[in-house]
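Undergrad: Here is my input; please provide its structure:
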Amino acid sequence: MRMLKCAIMANIIQAVRGTQDYYPEEMAVRSWLYARMRQVSESFGYQEYDGPFLERFELYAAKSGAELVEKQSYVFEDRGGERITLRPELTPTLARMVATRQRQLTYPLRWWSFGPFWRYEKPQKGRTREFFQWNIDMVGEDSPEADAELATIAASFLKTIGLGANEAQILVNNRQLMQAELESLGIAGALRSEVFGLIDRKDKLSAEAWQERGKELGLDAAQMLGVEKLLGNQDLWQKSESLQRFFRAVEAQGAADYVRYAPHIIRGLDYYTGTVFEAWDTAGEFRAIFGGGRYNDLVNAVGGEPVPAVGFAVGNVVISLLLQALGHAPDVSGRAPIYVTVFDDAGLAASLALATELRAAGLKVTSHLQPDKLQKQFKQADRSGAQVVLVLGPDEIAQDMVSVKDLRSGDQRSVSRAQLAAELSKLSA
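TA: As a prediction, the model looks like this:
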């Protein structure tokens, strides 16, 4: 039997590597996250938008960094010979959309979106090739207070999904501050961008490999020591007026317990220009939960006029794993709590009508679709996740009543047809 099962499995066409099948249980979690993302976004006055899943290759080629496009993106030629990319992120699309209608829009824009993205990278824990992502951005406001609003939104989201400040933290830095510090070490020009990349990989490489990479970039011993001292200076933010204002605004909005300074946060993408941040679980068991920051040069990079912007993105994969690991995964089966049985052939139409009546009252109802032994129907209802079973037999029809059985307690009672919807609505209250 085992060999037969293996043979059958071997003949089933497998899902594409790095993608995920969303069975109802997984889909319920994804939908739950989407609902919380919407709730938080709209509570801060942000509007939902979206862009196409396909974009021209050149939109990303000079905007997101060579590694993202050349190594991590799905790029192909369409039948017309044009190079097309499955979107690996949404920020360049947002910039293009703003540039397209730049003079028709009212600023600052507060926009958010949730949808699928694709990156060709090695699948591993917390990383897939296809994922869903929440993007939220403010465009047209250049201030530390705008940066602080996005960080506060991020903190509000963590709180809304049940993560405490002892379980997840938003780590913040400023690239302009780090740029000035690197220049004081004699690190400037193109080398500075390379060192930003080195800093971004500090936690991804062994100490020896990190030192070796610094030497390959041309940093001498004094410069490497200087960079290491920068990464250990937790008070460095006090040298930045922008970060001082940022933290004051975060505190004023009640999010200070979730947000702190971290000099090693730099973000890998080339388009970030100012304050940047990432969220991490405090136990250090997972990849970054999300990240973002200020990007003031992206709209003009895609052909528009310069306009400031700040935002962040949250993927569904890591956050789902983290919630599960910490016991915060939502209890959302998505199954209908009410199951209507069919007593006999003569009562089929009445049972279907009863289910329709309850759905019209806003209730979630599953219908049995043919006469069967009631015990078998009860078992089917239990397997489907229902909480109560309704029986509408000849006696109930004659008395305009419905028998209601609670599958959890086993109790059964009769409820008048007129009061049934009101009684059952308590199930989802």
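
Undergrad: Every contact and neighbour count from this point should use C-alpha atoms.
TA: Noted.

Undergrad: domains for the chain, by residue range?
TA: 17-175+244-325, 338-428 (automatic domain parsing).

Undergrad: out of those domains, nearest to residue 200?
TA: domain 17-175+244-325 (5.7 Å; Cα to Cα).

Undergrad: for the stretch 151-300 of the chain, what spans make up the strands?
TA: 168-174, 259-261, 275-281, 290-294 (DSSP state E, counting those that start in this stretch).

Undergrad: right, and those strands - which one's nearest residue 418?
TA: strand 168-174 (49.3 Å).

Undergrad: hang on, the earlier thing: mind putting the domains of the chain in a markdown table, distance to residue 184 and mean pLDDT included?
TA: Listed next are these as a markdown table, based on distance: least, Cα to Cα, whole Å; pLDDT from 0 to 100:
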| stretch | distance to residue 184 | mean pLDDT |
| --- | --- | --- |
| domain 17-175+244-325 | 14 | 93 |
| domain 338-428 | 62 | 94 |
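
Undergrad: Among the ones you listed, which comes closest to residue 196?
TA: domain 17-175+244-325 (6.6 Å).

Undergrad: Take the domains of the chain and lay them out in JSON lines including mean neighbour count.
TA: Listed next are the domains of the chain as JSON lines, based on neighbours: other Cα atoms under 10 Å:
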{"stretch": "domain 17-175+244-325", "mean neighbour count": "18"}
{"stretch": "domain 338-428", "mean neighbour count": "16"}
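
Undergrad: so can I have TSV of these showing distance to residue 233?
TA: Shown next, in TSV, are the domains of the chain (distance: least, Cα to Cα, whole Å):
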stretch	distance to residue 233
domain 17-175+244-325	7
domain 338-428	51
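
Undergrad: I'd like to know which elements the longest helix seen in the chain is packed against.
TA: Across the chain, the longest stretch assigned as helix under DSSP state H is helix 24-43. Judged by 3 or more Cα pairs under 8 Å, 6 or more residues apart in numbering; DSSP states H and E, helix 24-43 is in contact with strand 130-139, helix 144-160, helix 316-325.

Undergrad: I'd like the next helix or strand past that helix.
TA: strand 47-48 (DSSP states H and E).

Undergrad: Spit out the contact partners of the residue nearest to residue 160 when sequence neighbours are not counted.
TA: Counting by Cα to Cα, 6 or more residues apart in numbering, residue 36 is the residue found nearest to residue 160 once chain neighbours are left out, at 7.1 Å. For residue 36, the contacting residues are 157, 160-161, by Cα atoms under 8 Å, 6 or more residues apart in numbering.

Undergrad: and if you look at residue 230?
TA: 181, 236, 263.

Undergrad: could you dump the residues you listed to CSV with distance to residue 147?
TA: Putting the contacts of residue 230 into CSV (distance: Cα to Cα, whole Å) gives the following:
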residue, distance to residue 147
181, 21
236, 18
263, 17
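
Undergrad: quick one, helices of the stretch 51-200 of the chain?
TA: Secondary structure of the stretch 51-200 of the chain (DSSP state H, counting those that start in this stretch): helices at 57-61, 66, 91-100, 144-160, 175-184, 189-200.

Undergrad: ignore the last one, the stretch 301-429 of the chain
TA: Under the criterion DSSP H, counting those that start in this stretch, the stretch 301-429 of the chain carries helices at the ranges 316-325, 348-360, 374-383, 394-399, 417-424.

Undergrad: In JSON lines, list the strands of the stretch 151-300 of the chain along with distance to residue 119.
TA: Shown next, in JSON lines, are these (distance: least, Cα to Cα, whole Å):
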{"stretch": "strand 168-174", "distance to residue 119": "24"}
{"stretch": "strand 259-261", "distance to residue 119": "29"}
{"stretch": "strand 275-281", "distance to residue 119": "19"}
{"stretch": "strand 290-294", "distance to residue 119": "16"}
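
Undergrad: Nearest approach to residue 74 belongs to which of those?
TA: That would be strand 290-294 among the strands of the stretch 151-300 of the chain, by Cα to Cα, at 21.7 Å.

Undergrad: Tell me the one of the contacts of residue 36 nearest residue 386?
TA: Distances from residue 386 to these, taken by Cα to Cα, are shortest for residue 161, at 25.5 Å.

Undergrad: how about the nearest residue to the closest one, chain neighbours excluded?
TA: Residue 161 sits nearest to residue 36 (Cα to Cα, 6+ apart), 7.1 Å away.

Undergrad: roughly how far apart are that neighbour and residue 151?
TA: 16 Å (Cα to Cα, to the nearest Å).

Undergrad: try residue 403
TA: With the distance defined as Cα to Cα, residue 403 ends up 53 Å from residue 151.

Undergrad: Repeat that for residue 382.
TA: Counting by Cα to Cα, the gap from residue 382 to residue 151 is 44 Å.

Undergrad: cool, residue 405 as well?
TA: 49 Å.

Undergrad: just residue 82 next, same as before
TA: Residue 82 is 39 Å from residue 151, by Cα to Cα.

Undergrad: List the contacts of the closest residue in space to residue 267 that isn't next to it in sequence.
TA: Setting aside the residues directly before and after it, residue 267 is nearest to residue 200 in space (Cα to Cα, 6+ apart), at 6.1 Å. Residue 200 sits next to 264-268 when contact means Cα under 8 Å, 6+ apart.

Undergrad: now do 10 Å
TA: 194, 264-269 (Cα atoms under 10 Å, 6 or more residues apart in numbering).

Undergrad: Inside helices: which ones of those residues?
TA: Per DSSP H, these map to helices at residue 194.

Undergrad: Output the contacts of residue 200 as CSV; include the columns distance to residue 225.
TA: CSV is the format used below for the contacts of residue 200 (distance: Cα to Cα, whole Å):
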residue, distance to residue 225
194, 16
264, 14
265, 18
266, 18
267, 21
268, 22
269, 25
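
Undergrad: tell me which of the contacts of residue 200 is nearest to residue 248?
TA: Using Cα to Cα, these come closest to residue 248 at residue 265, 19.6 Å.

Undergrad: beta partners of the closest residue to that closest one other than its chain neighbours?
TA: Closest residue to residue 265 apart from its sequence neighbours, by Cα to Cα, 6+ apart: residue 173 at 5.7 Å. Beta-bridge partners for residue 173, by DSSP bridges, are residue 276.

Undergrad: gap between residue 173 and residue 274?
TA: Counting by Cα to Cα - residue 173 and residue 274 are separated by 8 Å.

Undergrad: joint contacts of those two?
TA: Joint contacts of residue 173 and residue 274 (Cα under 10 Å, 6+ apart) are 243, 266, 293.

Undergrad: which residues touch the first one?
TA: If I follow you right, that is residue 243. Residue 243 neighbours (Cα under 10 Å, 6+ apart): 144-145, 147-148, 172-174, 177, 236-237, 249, 261, 274-275.
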